[in-house]
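Peer 1: predicted coordinates and the sequence they were generated for:
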Amino acid sequence: MVGTNEKYQLLLQWIIFAGALVFGLWLAWQVGILADVLARDPTYMSHVIGLLFIGATLHCGVRALFLAQQLNMIDEMTLATTPLTQPLRLAGDTISLHGRPLASTLPTDYLRSVLIRYQGTSTPHELPVEHTQLTEILAERARGQHEMGWFISGLALKLGLLGTVIGFVMMLGSVSGIESFEVSDVKVVLSNMTVGMGVALNTTLAGLVASILLGFQYLLLDRGADRLVSQTVYYAQTAVIPRLAAAD
């Protein structure tokens, strides 16, 4: 049987990551790295990337809590299932586990649909074991919101590259404006080129770091969603459908 998870395991994993992230940001601020990156970006591109990163990270925390609750539910049903009896019953729109009504969650909604589809058939084991459409709906509900997170991760990287282009444009603009090779003019050009180079490098750094960290978080959420789908489908195939005929 598919193994169960520790309660709120996914949320705890995200909290550990978030704690390490907060510590890393605090340390970067203390040594002046973070403040230097923000101060050297007159385009405010790094600020935009930072705000997107913070918003997406908070969204990851909310999703980690949500998926952890769903995983807790399927684990509860798995542990409460006995070898010989049908654990789930459908009464109207309510699904119950050994007579106890269950709250509406992704696993219970999926299993309710399975019971509606197969309950009352004389030979449920002869019906197709793949619930393609129901499984696709479950997977979409479990992972659908992550698409926006992956978009933000890619957007942070693209904003970093856009900042690189802007920085190089600033550098070339300062060179094209030179009219003489006087020492004072060269100093001004070099100063402007330094600003442009700082914009290019700092926005690229901010975009890369934000994209990598967000990608890791959404990968963690996707793996949690995959576990939820696989455990729910496995439970339906092994503990619910084969026992419908015996229960009838």
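Peer 2: Cool, the structure landed. Numbering: from 1, shown residues only.

Peer 1: residue 154: neighbour count?
Peer 2: Close neighbours of residue 154, defined as other C-beta atoms under 10 Å, add up to 14. From N, CA and C alone the C-beta is placed, and that goes for glycine too.

Peer 1: count the neighbours of residue 228 for me.
Peer 2: Residues lying near residue 228 (other C-beta under 10 Å) number 27.

Peer 1: show me where this structure has strands.
Peer 2: Ranges of strands in the chain, per DSSP state E, are 88-91, 94-97, 100-101.

Peer 1: now these as JSON lines including distance to residue 146 and mean pLDDT?
Peer 2: Output for these, formatted as JSON lines (distance: least, C-beta to C-beta, whole Å; pLDDT from 0 to 100):
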{"stretch": "strand 88-91", "distance to residue 146": "28", "mean pLDDT": "75"}
{"stretch": "strand 94-97", "distance to residue 146": "26", "mean pLDDT": "78"}
{"stretch": "strand 100-101", "distance to residue 146": "30", "mean pLDDT": "80"}
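
Peer 1: of those strands, which is nearest residue 42?
Peer 2: Among the strands of the chain, strand 94-97 comes nearest to residue 42, with 58.4 Å by C-beta to C-beta.

Peer 1: just the buried residues of the closest one, please?
Peer 2: The neighbour-count check on strand 94-97 (16 or more other C-beta atoms under 10 Å) flags 95, 97 as buried.

Peer 1: lowest mean pLDDT among the helices and strands of the chain, which one is it?
Peer 2: Across the helices and strands of the chain, mean confidence by mean pLDDT, DSSP states H and E is lowest for helix 244-247: a mean of 56.

Peer 1: tell me where the model's unsure across this protein.
Peer 2: Confidence mapping of the chain against pLDDT under 70 gives the ranges 1-5, 82-86, 119-131, 174-192, 243-248.

Peer 1: for it, which segments count as helices?
Peer 2: Secondary structure of the chain (DSSP state H): helices located at 9-30, 33-39, 45-80, 106-118, 132-143, 146-176, 183-235, 244-247.

Peer 1: who touches residue 34 in this structure?
Peer 2: 25, 28 (C-beta atoms under 8 Å, 6 or more residues apart in numbering).

Peer 1: so how far is residue 171 from it?
Peer 2: According to C-beta to C-beta, to the nearest Å, residue 34 stands 24 Å off from residue 171.

Peer 1: residue 81 now?
Peer 2: Taking C-beta to C-beta as the measure, residue 81 falls 66 Å from residue 171.

Peer 1: likewise for residue 53?
Peer 2: Look at residue 53 and residue 171: by C-beta to C-beta, they are 26 Å apart.

Peer 1: now residue 162
Peer 2: Residue 162 sits 15 Å away from residue 171, going by C-beta to C-beta.

Peer 1: of these two, which one has the most company?
Peer 2: Between residue 162 and residue 171, counting by other C-beta under 10 Å, residue 171 is the more crowded of the two (20 against 16).

Peer 1: what about the residue nearest to that one when sequence neighbours are not counted, how many neighbours?
Peer 2: Leaving out its chain neighbours, the residue that sits closest to residue 171 by C-beta to C-beta, 6 or more residues apart in numbering is residue 196, at 3.5 Å. If you count neighbours by other C-beta under 10 Å, residue 196 ends up with 21.

Peer 1: ok, now which ones touch residue 196?
Peer 2: With contact set as C-beta under 8 Å, 6+ apart, residue 196 has these partners: 167-174.

Peer 1: who is residue 94 paired with across the strands?
Peer 2: residue 91 (DSSP bridges).

Peer 1: isn't it up against residue 103?
Peer 2: No - taking C-beta atoms under 8 Å as the definition, residue 94 is not a contact partner of residue 103, at 9.9 Å.

Peer 1: leaving out sequence neighbours, find the closest residue to the residue most central in space within the chain.
Peer 2: With distances taken as C-alpha atoms, centre = their mean, the chain has residue 218 as the residue nearest its mean C-alpha position (2.8 Å). In space, residue 218 comes closest to residue 149 once its chain neighbours are excluded; the distance is 4.5 Å by C-beta to C-beta, 6+ apart.
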